[in-house]
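Undergrad: return atomic coordinates for the entry below.
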Amino acid sequence: MKGTLYRALAGALMVGACTAAMAANDGQVRTSQLLGSDPEYRETWQKVVKKQERLPDWVINLSGASTEQMTAIEEDGVKYLVGPLCETEQSCDSSRLIVAFSWDKDEAYALWVQVPAGLPADKSPSRHTDKRWLGEPNDGMKQMLEEQLKKDPNYY
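TA: Modelled structure (predicted):
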C-alpha cells in the first residue's frame with residue numbers, strides 16, 4: 001500500500017514539474033536551441049550550410065543569440081518554423097540571420113543580413129544591406145524571409 005502511494009505521489013510530482021516547464025516555455029523554441037532540440041533539424045541544416053563558403057561558426061551551428069521565440073508561418077501552403085538569430089545581442093544591428101524550417105524538418109532556408117558596422121544614424125540600414133540567401137529559397141520564400149526582417153523596427 002505504501003509503495004503504491006509513493007509511486008502515485010512521485011507521478012503527480014513529475015506531471016506537475018513537466019506542466020510547469022511547458023508553461024514557462026509554452027512549447028516554443030528559440031532559433032539558437034533548435035539544432036539541439038531534434039537531430040532532424042541538425043541534419044537538414046547541415047545540408048544547407050555544407051555547400052556554403054565562408055560562414056561564421058554561429059551561422060553554421062545556429063549558436064548565436066536569439067531573443068525571440070520562433071513562430072509558425074505559412075508560405076505557399078506549407079508551414080514553417082521561423083525565427084531570428086544574431087551572433088550576439090549587441091551585433092544584431094549589423095549582422096543577423098532569419099531562419100525558416102519546414103514543419104516536416106525536410107527543408108531549411110535563411111536570409112543572412114549584414115549592415116556595415118558604425119552606419120550613421122541618418123542612413124537607412126535597408127539601403128546599405130548585404131544579403132545572402134542560404135538553402136536556395138524560391139521567390140515566395142525570399143519574400144517571406146524579407147517580411148520577417150522588415151518587422152524589426154531598427155531595420156528601415
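Undergrad: so what pLDDT did the spatially most central residue of the chain get?
TA: Ranked by distance to the mean C-alpha position of the chain (CA atoms, centre = their mean), the top residue is residue 31 at 2.8 Å. Note on residue 31: pLDDT of 95.
Undergrad: residues in contact with it?
TA: With contact taken as CB atoms under 8 Å, 6 or more residues apart in numbering, residue 31 is in contact with 62, 64, 66, 70, 83-85, 97, 99. To be clear about C-beta, it is placed using only N, CA and C from the backbone, and glycine gets the same treatment.
Undergrad: are any of the residues you listed buried, and if so which?
TA: 62, 64, 66, 70, 83-85, 97, 99 (16 or more other CB atoms under 10 Å).
Undergrad: widest-spaced pair of these?
TA: Pairwise distances across the buried ones among the contacts of residue 31 (CB to CB) peak at 13.7 Å, for the pair 64 and 70.
Undergrad: show me where pLDDT drops low in the protein?
TA: Where the chain drops to pLDDT under 70, the residues are 1-27, 119-120, 122, 124-126, 154-156.
Undergrad: which stretches of it form strands?
TA: 71-75, 78-86, 95-102, 108-114, 130-134 (DSSP state E).
Undergrad: run the chain-centre distance for the third one.
TA: When you say that, I think you mean strand 95-102. Centroid separation between strand 95-102 and its chain, computed with CA atoms, centre = their mean, to the nearest Å, is 5 Å.
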